[in-house]
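Asks: dropping a prediction and its sequence here:
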Amino acid sequence: MKFNYKKDISPKYLLLALSLICIILLGLSLFSEDFMDRTKRMFGKIITPMQEGASQIGEWIEERFQIFGDVKQLREENQTLKERNRELEDEIARNQAELTELAELRQLYGLDQMYPEYNTTAARIFSVDSSGWFNEFYINKGLNDGVYEDCNVLYDGGLLGIVVESYGDYARVRAIVDDRSKITAEIGPNRALCTVEGSLSNYGEGYLLATGIDKDTNISIGDTVVSSNVSDRFLYGLTIGYVTEVTRDANNLTMTAKLKTAVNFGNVRDVLVITDRKQEVTY
């Protein structure tokens, strides 16, 4: 037969049993302090480690929450620093661009001061041929700005090229290093006539050639070569380059000189266009 606690044990008996136990313990505590001390020590040995363990667990949990809070704060600070770093990088890039543009404007101003007798306007290159050099390119000034065909173009230390086509608000420029370019020039202190020939292959080697120089011309390394007044399209006195080498030709009547150009054609951005044209200038 199965024993059923719920039906066989009456609540009043349980209450009576618990009351009896309490009375016994109370009596023992009154008449036996030694028993109570042993009981306290016994329960202390059980409960104290449990309390210490609970305390350590609580401290560990608190440390984890503290670490989590610190990590979250560090992540937020790191994100803020990254955003500030990007802002500073953008600001530095803008400042560098502005400084570069300022340097180019100063260069154009200095170039303008070299030729005060001519009227000029600044222009920016917006398209370049795919040859690798700035031998032919487009500028953002045209007929509306007084830039016409045959206007000479300056950059860096001297003559860059000439306008070959002009439209309403842009123009096409051919540089003096282009294979189709030929300039009547003057060389040396005696201003002897010569022809500066454009050549991309020669410029790739670091020079242009000045040909047809009279054999009796006094030429020294470093002499300046400028555009001649005899030229039909180029204005007078524009610096083309500097002599680096002179050789006598096979005919024994003329000489050829290698020139280092006054302009670096590898990276051009802003140019100075002389709006005067050869047929409009008198000397």
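Replies: Ah, there it is. Only a predicted model underlies this, so the values are computations on that prediction, with no experimental measurement involved.

Asks: strands along the stretch 51-200 of the chain, start to end?
Replies: Along the stretch 51-200 of the chain, the stretches classed as strands by DSSP state E, counting those that start in this stretch are 120-128, 136-139, 152-155, 158-166, 171-175, 182-187, 192-197.

Asks: list the contacts of the third one.
Replies: Which is strand 152-155. The contact list for strand 152-155 (Cβ atoms under 8 Å, 6 or more residues apart in numbering) reads 111, 115, 120, 139, 159-163, 173, 227, 234-235, 238, 263, 268, 270-274. In this view, the C-beta of every residue, glycine as well, is placed from N, C-alpha and C.

Asks: hmm, try it at 7 Å
Replies: 111, 159-163, 173, 234-235, 238, 263, 268, 271-274 (Cβ atoms under 7 Å, 6 or more residues apart in numbering).

Asks: most packed of the strands of the stretch 51-200 of the chain?
Replies: Highest mean neighbour count of those: strand 152-155, a mean of 26 (counted as mean count of other Cβ atoms under 10 Å).

Asks: so what are the sheet partners of that one and their directions?
Replies: Note on strand 152-155: by DSSP bridges, its sheet partners are strand 158-166 (antiparallel), strand 270-274 (antiparallel).

Asks: those strands: which one's closest to G222?
Replies: strand 158-166 (14.7 Å; Cβ to Cβ).

Asks: now mean pLDDT too, for the strands paired with strand 152-155, in JSON lines please.
Replies: What follows is these, written out as JSON lines (pLDDT from 0 to 100):
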{"stretch": "strand 158-166", "mean pLDDT": "95"}
{"stretch": "strand 270-274", "mean pLDDT": "92"}
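
Asks: how about TSV for these, with distance to Y203 added?
Replies: Shown next, in TSV, are these (distance: least, Cβ to Cβ, whole Å):
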stretch	distance to Y203
strand 158-166	13
strand 270-274	18
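
Asks: and of those strands, who's closest to T244?
Replies: Comparing those by Cβ to Cβ, strand 158-166 comes nearest, at 15.3 Å.

Asks: could you check the angle the closest one makes with strand 171-175?
Replies: Using axes from the mean of the first three to the mean of the last three Cα atoms, to 10 degrees, the direction of strand 158-166 lies 140 degrees away from that of strand 171-175.

Asks: just want the angle from strand 158-166 to strand 182-187.
Replies: Using the same axes, to 10 degrees: strand 158-166 against strand 182-187 is 160 degrees.

Asks: other residues contacting strand 158-166?
Replies: For strand 158-166, using Cβ under 7 Å, 6+ apart, the contacting residues are 142-143, 147-154, 171-176, 227, 233-234, 238-240, 262-263, 271.

Asks: before we move on, what about stretch 134-144?
Replies: 121, 123-129, 147, 166-175, 177-178, 200, 265, 268, 271, 273.

Asks: so I183 bridges to which residues?
Replies: If you apply DSSP bridges, the partners that I183 bridges to are V196.

Asks: any idea how far it is from T247?
Replies: 20 Å (Cβ to Cβ, to the nearest Å).

Asks: ok, now I57?
Replies: 95 Å.

Asks: hmm, T239 and S227 touching each other?
Replies: No. Counting by Cβ atoms under 7 Å, S227 does not reach T239; the two are 8.2 Å apart.

Asks: of the two, which one has the most company?
Replies: Neighbours per residue (other Cβ atoms under 10 Å) separate S227 from T239, with S227 holding more: 24 against 21.

Asks: separation between the more buried one and L235?
Replies: S227 is 6 Å from L235, by Cβ to Cβ.

Asks: distance of the residue nearest to I219 when sequence neighbours are not counted relative to V243?
Replies: Closest residue to I219 apart from its sequence neighbours, by Cβ to Cβ, 6 or more residues apart in numbering: G188 at 4.5 Å. Remark: distance between G188 and V243 (Cβ to Cβ) = 8 Å.

Asks: who touches both of these two?
Replies: I219, D223.

Asks: which of the contacts of strand 152-155 sits closest to I23?
Replies: Once Cβ to Cβ is applied, the member of the contacts of strand 152-155 that ends up nearest I23 is V268, at 110.6 Å.

Asks: sorry, back to before: T256 is nearest to which of the strands of the stretch 51-200 of the chain?
Replies: Of the strands of the stretch 51-200 of the chain, nearest to T256 by Cβ to Cβ is strand 192-197, at 8.7 Å.
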